[in-house]
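Asks: Sequence isn't available, so here's the structure alone:
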């Protein structure tokens, strides 16, 4: 038997990270994380044995040499239930049991099962073999993921992935809409594929640790997102796929367009949905400094709003699905967006500054976000 005291705040962070890579099961070691004590270091490792892996590292006041597994979700539940600055773990290998004490007496504890630690996959080796790709601002990465995630198609094997190519994040549903996001911080990142199932864990890693920067690492088989000091990390098996053609570019459009207020535009589309029409079509006509909107339906609804020309744009129109356009515009941040009407698609473009935290200071980072929405073949 051996006993160890771990501070609650550090343990909570580690358990949140461990949950990113464990299965929600009590009957298998894949539902547990591994507490690995060596010298004065504790590594908390987790994996689902298929695709995911995570690690947290803590320094200990004394040398310890032991290993045991435990369910991280139960530890998180305990931390939420009791008010204690630390938890004391007492591991009995013969009984395969971990007792967790949460007060200054030996009469307040819970007992949890522990699997044979030798069953655990060698996750630590995967992290030790990783090499650094790039450190980027966490706020930039969060904004890019948030923007692109809304364009993905979860049920499609190819278009459920976020693709990073030449410093640009790309995503598409494979048919009606595509998006792209870039920022100077992303320069140098290339040939990285993030499945949609990985995006929320990456965002949780950043938010749970309140990271300002994220270190991206790689091995022959894994992509890893880590805190800059490498004390916390989450990774996944590389996706072996080729990036499909995604018809959207972050380059400045060469044609004329129109600037409109995003909030006003969304309100007007929202009013049209009150009619209750399913698969409602929307027609937009740009005339000088006015955008005239009307629904494509048996009973037409109409509205208009101000717009501002870019580059002597010629009057034109577009027809597309109202819900598709509304969902796409909702992905954009900022106050204004630019519209460019091409032969087969509408380009929605936004070049602005993102307020992020860098070295504990608020700074502005330039970014570009673009979406391409297909036009309807119906000419109304």
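Replies: All right, it came through fine. Just so you know, these numbers come straight off a predicted model, no measurement behind them.

Asks: got the contact list for residue 223?
Replies: Residue 223 makes contact with 192, 194, 216, 217, 235, 236, 238, according to C-beta atoms under 8 Å, 6 or more residues apart in numbering. Where you see a C-beta, it was placed from the backbone N, CA and C, and this is true even at glycine.

Asks: give me that answer again for 6 Å
Replies: residue 238 (C-beta atoms under 6 Å, 6 or more residues apart in numbering).

Asks: Would you double-check that it falls in a strand?
Replies: Yes - under DSSP: H, G, I helix; E, B strand; the rest coil, residue 223 sits within a strand.

Asks: For it, give its distance to residue 22.
Replies: Residue 223 sits 19 Å away from residue 22, taking C-beta to C-beta, to the nearest Å as the criterion.

Asks: what's the distance between residue 229 and residue 6?
Replies: Summarising the geometry, the distance separating residue 229 from residue 6, computed by C-beta to C-beta, is 19 Å.

Asks: what about the two, which has more around it?
Replies: The neighbour count for residue 229 versus residue 6, taken as other C-beta atoms under 10 Å, is higher for residue 6 (19 against 8).

Asks: Just to be sure, that one is in a strand?
Replies: Yes - when classified by three-state DSSP, residue 6 is found to be part of a strand.

Asks: May I have the residues that are in contact with the nearest residue to it once chain neighbours are set aside?
Replies: Nearest residue to residue 6 in three dimensions, chain neighbours excluded: residue 87, at 5.8 Å (C-beta to C-beta, 6 or more residues apart in numbering). The neighbourhood of residue 87, defined by C-beta under 6 Å, 6+ apart, consists of 6, 100, 102.

Asks: Look up the pLDDT of residue 378 for me, please.
Replies: The pLDDT attached to residue 378 in the predicted structure is 59.

Asks: Give me the number of neighbouring residues for the residue lying closest to residue 147 once chain neighbours are set aside.
Replies: Closest residue in space to residue 147, ignoring its immediate chain neighbours: residue 181 at 4.9 Å, by C-beta to C-beta, 6+ apart. In terms of burial, residue 181 registers 27 neighbours under the definition other C-beta under 10 Å.

Asks: And the one 4 residues further on, by the same measure?
Replies: Summarising burial for residue 185: neighbours were counted as other C-beta under 10 Å, giving 24.

Asks: Next one: it from residue 150, what distance?
Replies: Using C-beta to C-beta, we find residue 185 at a distance of 21 Å from residue 150.

Asks: again with residue 214
Replies: Between residue 214 and residue 150 the distance, using C-beta to C-beta, works out to 21 Å.

Asks: who has more neighbours, those two?
Replies: Between residue 214 and residue 150, counted using other C-beta under 10 Å, residue 214 has the larger neighbour count: 22 against 17.

Asks: Show me where this protein dips below the pLDDT cut-off.
Replies: 377-380 (pLDDT under 70).

Asks: Which segments of it make up each domain?
Replies: Following automatic domain parsing, the chain resolves into domains at 2-127, 131-237, 257-374.

Asks: out of these, deepest packed?
Replies: Looking across these with neighbours counted as mean count of other C-beta atoms under 10 Å, the highest average goes to domain 131-237: a mean of 19.

Asks: The helix or strand where the residue nearest to residue 147 lies pairs with which strands?
Replies: Element membership of residue 181, judged by DSSP states H and E, is strand 177-182. Using DSSP bridges, strand 177-182 pairs in its sheet with strand 168-172 (antiparallel), strand 361-374 (antiparallel).

Asks: Make TSV out of the ones you listed and add distance to residue 116.
Replies: Listed next are these as TSV, based on distance: least, C-beta to C-beta, whole Å:
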stretch	distance to residue 116
strand 168-172	42
strand 361-374	48
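
Asks: among these, which is nearest residue 347?
Replies: Distance to residue 347, taken as C-beta to C-beta, is lowest for strand 361-374 among those, at 5.7 Å.

Asks: starting at the chain centroid, how far to the longest helix anywhere in the chain?
Replies: Looking across the chain with DSSP state H, the single longest helix is helix 196-209. Mean C-alpha position of helix 196-209 versus that of the full chain (C-alpha atoms, centre = their mean, to the nearest Å) differs by 5 Å.

Asks: Next one: residue 300 from residue 325, what distance?
Replies: As defined by C-beta to C-beta, residue 300 lies at a distance of 17 Å from residue 325.

Asks: so what does the helix or strand that residue 77 is a member of touch, helix or strand wise?
Replies: With the criterion set as DSSP H and E, the secondary-structure element containing residue 77 is helix 72-81. With contacts defined as 3 or more C-beta pairs under 6 Å, 6 or more residues apart in numbering; DSSP states H and E, the packing partners of helix 72-81 are helix 8-19.

Asks: Now the element after the helix it packs on, going C-ward?
Replies: Next along from helix 8-19, by DSSP H and E: strand 33-38.

Asks: Which parts of this structure are helices?
Replies: 8-19, 72-81, 123-128, 138-149, 196-209, 262-273, 322-330.

Asks: What are the phi and psi values at the nearest residue to residue 343 once chain neighbours are set aside?
Replies: Closest residue to residue 343 apart from its sequence neighbours, by C-beta to C-beta, 6+ apart: residue 375 at 7.9 Å. Here the main-chain torsion angles of residue 375 (degrees, to the nearest 10) amount to phi -80, psi 150.

Asks: Verify the stated contact: residue 375 with residue 321.
Replies: No - when contacts are counted by C-beta atoms under 6 Å, residue 375 is not listed as touching residue 321 (10.0 Å).

Asks: so who does residue 291 touch?
Replies: Contact partners of residue 291, counting by C-beta under 6 Å, 6+ apart, are 284, 305, 307.

Asks: change it to 8 Å
Replies: By C-beta under 8 Å, 6+ apart, the contact list for residue 291 reads 258, 260, 265, 284, 285, 304, 305, 306, 307.
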